[in-house]
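In: Just a sequence and a predicted model for now, questions to come.
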Amino acid sequence: MVVWLICLFPTINLRSFCRSLKQPASYLPLALLALALLGLFWADDTWGVRLEGIAPVAKLAVIPLLLYHFERSHRAHWVFIAFLGSCTILMGLSWIVYFAPSWRISGNEAGVPVRNSIDQTQAFAICVCALAPILLAFFAKRRTLLAFGCSALLIGFVVNMAFIALARTAFLYLPFLAAIFAARYLSGKAALKFFVIVAGAAVLAAFTSPYLRHRLLQTAVEFKQNDQSDIATSTGQRLLYWSNSLDSIARAPILGHGTGSTKQLFERLAEGKSGPWADKIRNPHNQTLYVAIQWGLFGCIILFSMWGAHLLLFRGHGLIEWIGLSVVAQNFLSGFANSHLFDFHAGWLYVLGVGVAGAIVCRESTSPTVRHAT
């Protein structure tokens, strides 16, 4: 990204770039970053901790640059082709390391060669969403060979998530994305058939995949353990983080406690505890709470305005609009159980997805000839 920025800056026309900043999709990410910079001055911690709080937000500054650059470029589609290609390679590696764990590059999760199951699931889910309308188009045009290849790839991603590695966060966004897909691309009868097929596939996967059954039942088990014992579980920890976050927000509801203040809050929460309860984090595992703790109501208004502006950017019915909508919806819905906008992998997935897809949409909306050619 640094290399790309170095190459980009000499090509920027200041007047046209300032003109592009007038659209909400560009200036709202910068507004959230500006609020984070201002929040440095009312935070109650060392300057080192405050500056660390800027890092998760800083990536949002790249969205206006991506929107500006790829609106002028005719190579934006290569970004999506490269992403699909890299995810296909990752899926192949996932199957390999599942049966040969010694080939794992990093991490300790079965079937996850790099990073973790949350990041892998998010990438694969975006690929599934992008491939679904392409598959429909191939069938409509009777491109049998391409349709077969697309089907194999789509099924490969789905089966990998069902049997190898799946983040429970996917249960939040996959049903909604499936419903939006049906509403956008299918007629009433076709949508009904689609939901029957999806429901049947889900039931079949649950019966044939012990891994998927475990993931489905794990949350209920953790809730029960949290009520009846002091065992630290992922669900129990989240509930504790959310409860303490709400208490913290109540003490500074308008402007929050300042940039980086989550670190101090959760370090105090971990004091005097042992085991996983003593983990020192700075992330409440909820995007809205993460923003509200630091920048209060003003931060939440900007956050939801940004999500709304990016959703409106993709209100069209083309493939690129669908990809962009999937990226935004996934980030918004997964934000109920994680702070994915500020996480590294999921955050950059959002920045690149919105920036590149949004630029194509903006270019096509201002150039009918380009839209026709595409």
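Out: That came through fine.
In: From the contact counts, what lies against the helix or strand that Ala152 is a member of?
Out: Using DSSP states H and E, Ala152 sits in helix 144-163. In terms of contacts (3 or more Cβ pairs under 8 Å, 6 or more residues apart in numbering; DSSP states H and E), helix 144-163 is packed against helix 76-99, helix 117-140, helix 188-208, helix 210-228. Every residue, glycine included, has its C-beta placed from N, CA and C.
In: what about the longest helix in this structure?
Out: Ranked by residue count and defined by DSSP state H, the top helix of the chain is helix 287-313.
In: buried sites along it?
Out: 287-296, 298-300, 302-303, 306-307, 309-311, 313 (16 or more other Cβ atoms under 10 Å).
In: If you count contacts, what does that helix end up packed against?
Out: helix 24-38, helix 234-251, helix 261-270, helix 319-334, helix 344-366.
In: Now do the same contact list for the residue lying closest to Ala31 once chain neighbours are set aside.
Out: Excluding the flanking residues, the one nearest Ala31 by Cβ to Cβ, 6 or more residues apart in numbering is Ile302, at 5.1 Å. Under the criterion of Cβ atoms under 8 Å, 6 or more residues apart in numbering, the contact list for Ile302 reads 28, 31-32, 35, 295.
In: most surrounded residue in these?
Out: Trp295 (28 neighbours; other Cβ atoms under 10 Å).
In: which regions of the protein sit below the pLDDT cut-off?
Out: 107, 222-233, 270, 272-280, 367-374 (pLDDT under 70).
In: Run through the residues that contact Arg104.
Out: 97, 112-113.
In: how much space is there between it and Val112?
Out: 7 Å (Cβ to Cβ, to the nearest Å).
In: shared neighbours of those two, which are they?
Out: Joint contacts of Arg104 and Val112 (Cβ under 8 Å, 6+ apart) are Val97.
In: ok, back up a step: return the member of the contacts of Ile302 nearest to Thr46.
Out: Comparing the contacts of Ile302 against Thr46 with Cβ to Cβ places Trp295 closest, at 18.8 Å.
In: Pull up the gap between the closest one and Phe80, please.
Out: When Trp295 is compared with Phe80 (using Cβ to Cβ), they lie 33 Å apart.
In: same thing with Ile302?
Out: 28 Å.
In: Let me have the contacts of Arg104 in JSON lines, extended by neighbour count and distance to Phe207.
Out: Listed next are the contacts of Arg104 as JSON lines, based on neighbours: other Cβ atoms under 10 Å; distance: Cβ to Cβ, whole Å:
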{"residue": "Val97", "neighbour count": "22", "distance to Phe207": "26"}
{"residue": "Val112", "neighbour count": "24", "distance to Phe207": "24"}
{"residue": "Pro113", "neighbour count": "23", "distance to Phe207": "28"}
